[in-house]
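Asks: Based on what follows, work out the 3D shape:
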Amino acid sequence: VGTPESRRFERRPRPVQFHAPQRQMDVFCRCGGCGSCNDETANPMGGKCGNTPQRYTIKSPDVVRHGYRKYCKPCLRRMELARLATKHSLNLGLVLPGAKNNRGHTDTPGNRPRIVLFGDSITEQSFGDGGFGAALQHEYRRHTDVVLRGYSGYNTAHAVALLPFVFPLDDATPPILVTVCFGANDAVHPGSTMGPVQGCDQVDFATNLRAIAEHLQRLNPPPAVLFITPPPVNSEAWHDFCRSMAWHDDPTPDRDLARTGSYAATMVRVAAEVHAPCVDLFEGLMGTPGWEGEYLSDGLHLTPAGYREAYTRIAAAIKTSFPSITVDTEDAPSDFPDFKTIRASHIAQDVEAFVAMRTKTNPALALADSGLEITEGALALAEGTLGMLAEGSMLMQPPSN
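Replies: Residues are numbered from 1 along each chain as shown. The predicted model follows:
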């Protein structure tokens, strides 16, 4: 209710104003030519695309405004795919061409970043049926290469000797992630036949793990590091397998569950010291009843079911610890354009334009470096997209009446 004086200050609703959109015949997509353009008929604005730009509506309490964006929906989608590819590349730590820090992963389509799996035979067999290596490559198939560096019979002392060759310090494109899975051979009993060859006492085992982590941190840029403990061992089954293969005739098993478990615990501790996440396969696989037959093929190595369980835990650790490396496969941008956006009559030009957009370099230089013909359409598309990204907006204001 209130007094006449108080009612003077009441907010009174203003009439909503409507701005009429441009007529369809007056607006055209501003794209200079790409695989999504309808370029059979050039538009009167001088562009190569005759499609109608995407419409927009902006609603506020007082005004409802209609208008058109600068580009049509197909061209906008193509530009968004290129933008997502660039964003994902930067999230992975890639260095764009021409950047001050010219080290790192060259962000050039086709030269993909790498994930390296470093370990013993558990890793070496990880591209087999159900293996976590094959599963990781499937997960990252559109944009990242998973590289296998697993060496049967190796322990951490062997691994340290390999570091300068597998991970050279002058590598201009070091991996973005390295998994380190050793310990199954280090834990061999010192008094066994294989003890002098494969065994490594726990003090040296811990020292070697630290040396691996320190070496990887010296790479420029340093990769993310994920430790993976050895799985549990069924000593009697492994002993029977070794005798069936005539590898040695030791009267007792050269590995046992308690000793392998202590090495796994050492890796977990060292991983915490160097601030690296660790997947504890030893404790994780033992949590399943009947793990000896379900997860181990010969008492030491993993069955397909064991590898699938290992992958589940490794993928979860990557997602939790390194979210920028984790990408949903269905949403992940590829390093080259979608085939449906490439015109059969302009294949090279459309690929050039996508690369120029994705790398966000000087369009003319990007296309010139490709060694292919620089077409006006490809260059215009690249320049138009770069301008769009710089402006931060793709909206066209409606004409004033």
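Asks: just the helices in the stretch 101-250 of the chain please.
Replies: 121-124, 132-139, 156-166, 195-198, 202-217, 235-244 (DSSP state H, counting those that start in this stretch).
Asks: Let's have the ones you listed in JSON lines, adding mean pLDDT.
Replies: Putting the helices of the stretch 101-250 of the chain into JSON lines (pLDDT from 0 to 100) gives the following:
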{"stretch": "helix 121-124", "mean pLDDT": "97"}
{"stretch": "helix 132-139", "mean pLDDT": "95"}
{"stretch": "helix 156-166", "mean pLDDT": "97"}
{"stretch": "helix 195-198", "mean pLDDT": "94"}
{"stretch": "helix 202-217", "mean pLDDT": "97"}
{"stretch": "helix 235-244", "mean pLDDT": "93"}
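Asks: looking at those, which is closest to A272?
Replies: A272 lies closest, by C-beta to C-beta, to one member of these: helix 202-217, at 11.3 Å. Placement of C-beta: from N, CA and C, glycine included.
Asks: If you count neighbours, what's buried in that closest one?
Replies: For helix 202-217, a neighbour-count test (16 or more other C-beta atoms under 10 Å) marks 205-209, 212-213, 215-216 as buried.
Asks: Give me the helices and strands touching that helix, please.
Replies: On a contact count with 3 or more C-beta pairs under 8 Å, 6 or more residues apart in numbering; DSSP states H and E, helix 202-217 meets helix 156-166, strand 177-181, strand 224-228, helix 257-273.
Asks: from those, which stretch is densest packed?
Replies: strand 177-181 (a mean of 26; mean count of other C-beta atoms under 10 Å).
Asks: tell me the angle it makes with helix 202-217.
Replies: Going by axes from the mean of the first three to the mean of the last three C-alpha atoms, to 10 degrees, strand 177-181 is angled at 170 degrees with respect to helix 202-217.
Asks: helices or strands next to strand 177-181 in the packing?
Replies: Contact partners of strand 177-181 among helices and strands, from 3+ C-beta pairs under 8 Å, 6+ apart: strand 114-119, helix 121-124, helix 202-217, strand 224-228.
Asks: try 6 Å
Replies: strand 114-119, strand 224-228 (3 or more C-beta pairs under 6 Å, 6 or more residues apart in numbering; DSSP states H and E).
Asks: With distance to L136 and mean pLDDT as extra columns, can I get those in TSV?
Replies: Below are the helices and strands packed on strand 177-181 laid out as TSV (distance: least, C-beta to C-beta, whole Å; pLDDT from 0 to 100):
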stretch	distance to L136	mean pLDDT
strand 114-119	7	96
strand 224-228	11	97
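Asks: Let's have these in TSV, adding distance to I347.
Replies: Shown next, in TSV, are these (distance: least, C-beta to C-beta, whole Å):
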stretch	distance to I347
strand 114-119	28
strand 224-228	36
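Asks: The ones you listed: which one's closest to N51?
Replies: Per C-beta to C-beta, nearest to N51 of those: strand 114-119, 39.7 Å.
Asks: Counting by contacts, list what that closest one packs against.
Replies: strand 145-150, strand 177-181.
Asks: partners of it in the sheet?
Replies: With DSSP bridges as the test, strand 114-119 is paired with strand 145-150 (parallel), strand 177-181 (parallel).
Asks: I'd like these written out as JSON lines, with mean pLDDT and distance to L285 added.
Replies: Below are the strands paired with strand 114-119 laid out as JSON lines (pLDDT from 0 to 100; distance: least, C-beta to C-beta, whole Å):
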{"stretch": "strand 145-150", "mean pLDDT": "95", "distance to L285": "18"}
{"stretch": "strand 177-181", "mean pLDDT": "97", "distance to L285": "13"}
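Asks: Nearest to S262 among these would be which one?
Replies: Among the strands paired with strand 114-119, the nearest to S262 by C-beta to C-beta is strand 177-181 (16.9 Å).
Asks: if we can go back for a sec, can you put the strands paired with strand 114-119 in JSON lines and add distance to I58?
Replies: Output for the strands paired with strand 114-119, formatted as JSON lines (distance: least, C-beta to C-beta, whole Å):
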{"stretch": "strand 145-150", "distance to I58": "44"}
{"stretch": "strand 177-181", "distance to I58": "43"}
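Asks: pLDDT weak spots in the stretch 201-350 of the chain?
Replies: For the stretch 201-350 of the chain, the stretches flagged by pLDDT under 70 are 327-333.
Asks: Quick check: C72 vs E283, distance?
Replies: C72 is 56 Å from E283, where distance means C-beta to C-beta, to the nearest Å.
Asks: Next: V178.
Replies: Applying C-beta to C-beta, the value for V178 to E283 is 22 Å.
Asks: try R77
Replies: As defined by C-beta to C-beta, R77 lies at a distance of 47 Å from E283.
Asks: doesn't G293 make contact with G306?
Replies: No: at 10.3 Å, G306 does not count as touching G293 under the criterion of C-beta atoms under 6 Å.
Asks: Comparing those two, which shows the higher neighbour count?
Replies: Higher neighbour count among G306 and G293: G306, with 24 against 11, using other C-beta atoms under 10 Å.
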